[in-house]
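Asks: any chance you can model this:
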Amino acid sequence: MWRIDDLVAAADYLLTDAEPRIEVQELAAEIARMGDTRKRLLTRALGLSRFGPRSAYETRLRLLLIRHGLPEPEISWVLRDADGTFIAELDLAYPAWKVAVEYDGRVHAEDMRQFARDADRWDAIRACDWQHVRILLHHMRGDGTAAVRKVREALVRAGWRP
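Replies: Coordinates of the predicted model:
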């Protein structure tokens with residue numbers, strides 16, 4: 001009854017934590033024990049799941065980018081400056097092209113302290129010569145082409161070629 005992206009987001013949630021709630025092998029064993037759908041939806045979702053996303057929207061964004069032919073991004077990638085000082089943990093990152101992609105939910109707009117911290121963080125990311133692409137909910141509505149376009153344009157500016 002769930003769409004594949006929802007199943008992937010659920011698996012990402014279960015696998016992502018300092019102490020994961022379950023290991024990928026355990027999920028695979030449970031699918032084998034209980035059975036999969038006719039279209040192997042559970043097995044496909046597990047194959048697309050990754051460790052690291054902090055939200056279902058980050059997972060959905062990653063899947064959207066991959067489906068539209070963009071390279072698979074790193075997840076929860078730690079950006080450091082030239083001296084090795086921590087700058088930010090990026091939702092999605094393309095280190096080879098220095099492109100940071102982040103999904104900003106409502107809390108980033110509604111909490112003024114969070115918004116102020118974010119603005120300083122964006123400056124710090126750009127100071128490391130990275131492009132910073134912010135994706136909001138309205139960019140992902142419909143088929144998500146607005147989100148894909150923003151990321152594709154940043155990657156192309158940075159030298160990526162399809």
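Asks: I'd say residue 28 and residue 46 touch.
Replies: Yes. At 6.1 Å, residue 28 and residue 46 qualify as touching, with contact defined as CB atoms under 8 Å. Just so you know, the C-beta spots here come from the backbone N, C-alpha and C atoms, and that holds for glycine as well.
Asks: of the two, which one has the most company?
Replies: Set side by side, residue 28 and residue 46 show more neighbours around residue 46, with 19 against 14, by other CB atoms under 10 Å.
Asks: could you export the helix or strand hosting the more buried one as CSV, CA atoms only?
Replies: Assigned by DSSP states H and E, residue 46 belongs to helix 41-48. C-alpha atoms of helix 41-48 as CSV (Å, rounded to 0.1, in the frame of the first residue of the first chain):
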residue,chain,number,x,y,z
LEU,A,41,8.8,-3.6,-3.9
LEU,A,42,10.3,-4.2,-0.4
THR,A,43,13.5,-5.6,-1.8
ARG,A,44,13.8,-2.7,-4.3
ALA,A,45,13.1,-0.2,-1.5
LEU,A,46,15.8,-1.8,0.7
GLY,A,47,18.3,-1.6,-2.3
LEU,A,48,17.6,2.1,-2.5
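Asks: if we look at the next helix-or-strand element following that helix, which residues are touching it?
Replies: Helices and strands here follow DSSP H and E; after helix 41-48, the next one along the chain is helix 56-67. Here helix 56-67 makes contact (CB atoms under 8 Å, 6 or more residues apart in numbering) with 5-6, 8-9, 12-13, 48, 50, 53, 72-73, 75, 91-92, 101, 103, 105, 135, 137, 140, 144, 147-148, 151.
Asks: can you tell me which of the residues you listed end up in strands?
Replies: By the criterion of DSSP state E, membership of the contacts of helix 56-67 in strands covers 75, 91-92, 101, 103, 135.
Asks: low-confidence regions, this protein specifically.
Replies: Scanning the chain for pLDDT under 70 picks out 18, 106-109.
Asks: tell me which residue is most central in it.
Replies: The chain has residue 58 as the residue nearest its centroid, 3.8 Å off, counting by CA atoms, centre = their mean.
Asks: before we move on, which element is the residue of the chain positioned farthest from its centre in?
Replies: Here the chain reaches farthest from its C-alpha mean at residue 33, the gap being 30.0 Å by CA atoms, centre = their mean. Using DSSP H and E, residue 33 maps to helix 24-34.
Asks: now residue 117
Replies: Using DSSP H and E, residue 117 sits in helix 112-127.
Asks: repeat for residue 77
Replies: Judged by DSSP H and E, residue 77 forms part of strand 74-80.
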